Every structure is written in C-alpha cells, then in structure tokens.
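> Got a sequence here, can you model it:
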Amino acid sequence: MDDQGSVAPKERVNIVYRPATGDAKEEVELAFKQLVVGDFTQKEDDRQLEEIKPINVDKDNFDNVLESHKLSLDLTVPNSLETRKPGEEPENMSVSLKFKSLKDFDPDSIVEQVPELRELIALRDALKALKGPLGNIPDFRKKLQEIIQNEGTREKFLSELGIKNS
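Next up is the predicted model:
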C-alpha cells in the first residue's frame, strides 16, 4: 500500500490495520461496518434479540427501508396559525406525518402533509400569482392610486373588499 493513503473520499471512514508483531510490514485497509441496535419503533415487541434479523442499509436502499418500516409520527402541537387575543393560550392541533423516503423530511414535504400549512402555501402562491401581472400594468396601478387618493372612492373600495378603514 502506498504512503499516500487510501484513494477513498475523505467523507468515508478509513481504517488501516498495521501489524505490530514480527517483520510484517503489510498494511491492510479494512472496510468500516457498523451494527446499530436499538428500539426505534416505540412499540411493544416480544421478540428476543436473537430472533431479530439485521437489515442492511446503504445509500441505494435507504428509501426502500424507510418505506418498508411504515414510519409515522402523530403529535399534537400548539396552533400558531390561528389568531388569538394577547395572553390567550393557543389551541392544539393534531399533526400526522408519514415518512416513506428521505425527501419526506424536507420542509416542503412536511408542509404538504399538514392541511393547514398546505392551504397557507396555496394562498401565498395565489397572491404571488395575482401580484405579478397586476403590479406590472401601469394603467391598473395608476387607476388604483387614483382610487386610494380620493377619500370617497377609497371608502367605497374598502367596503367592497370588506375592510374597515381605521
């Protein structure tokens, strides 16, 4: 083996065996293998440790392993989306998340699984779509400025939108 070391990427754990006995000079690079044992299901399991078969997980089958275990998380969180009076405790809302692949841990995927958040994102997208073309039309912008500057038309405009002028 050369003195430069392994050609494996730096991210990988490289273990080299160097014999310290006798005249042996050969270095052997050993593969890093790890066995993780634990109760990750939070469910009752009467099986003995010897009965549980190990699962080989690598970068190619990670999503398949996640899907086969049907991982889910059911929890109750304070509902910060609803408006409330100062000092009032927020109501709780139930959230149920399912994880079938590593992408399901992304914030966008989590938003898609929570109906209240999904509705807010849809509203945001609709407002962005509305803002784009209307904001770029000079005549529309000019007419809107005229309506807002005139006290009488501003009141009528706000009442049509259901907004109280304060």
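> for the protein, longest helix please?
If you go by DSSP state H, the chain has its longest helix at helix 115-135.
> hey, which helix or strand in the protein has the poorest pLDDT?
Least confident helix or strand, the chain: helix 151-161 with a mean of 78, by mean pLDDT, DSSP states H and E.
> Now do that helix: everything it contacts.
146-148, 164-165 (CB atoms under 8 Å, 6 or more residues apart in numbering). C-beta here means a position set from N, CA and C on the backbone, and glycine is covered the same way.
> of all those, which two lie farthest apart?
Glu146 and Lys164 (21.8 Å; CB to CB).
> Run through the neighbouring helices and strands of the following helix or strand past the longest helix of the chain.
On the C-terminal side of helix 115-135, the closest following helix or strand by DSSP states H and E is helix 138-149. Counting contacts by 3 or more CB pairs under 8 Å, 6 or more residues apart in numbering; DSSP states H and E, helix 138-149 packs against helix 151-161.
> tell me the angle of the helix it packs on relative to helix 138-149?
Counting by axes from the mean of the first three to the mean of the last three CA atoms, to 10 degrees, helix 151-161 lies at 100 degrees to helix 138-149.
> pLDDT of stretch 27-46, averaged?
What stretch 27-46 shows for mean pLDDT is 80.
> sorry, back to before: more neighbours: which of Glu146 and Lys164?
Glu146 (11 against 6; other CB atoms under 10 Å).
> Roughly how far does the nearest residue to the more buried one once chain neighbours are set aside sit from Ser96?
Spatial nearest neighbour of Glu146, excluding adjacent residues (CB to CB, 6 or more residues apart in numbering): Thr153 at 7.6 Å. Separation of Thr153 from Ser96 (CB to CB, to the nearest Å): 49 Å.
> just for this protein, where's the confidence low?
In the predicted model of the chain, residues 1-11, 134-135, 165-166 satisfy pLDDT under 70.
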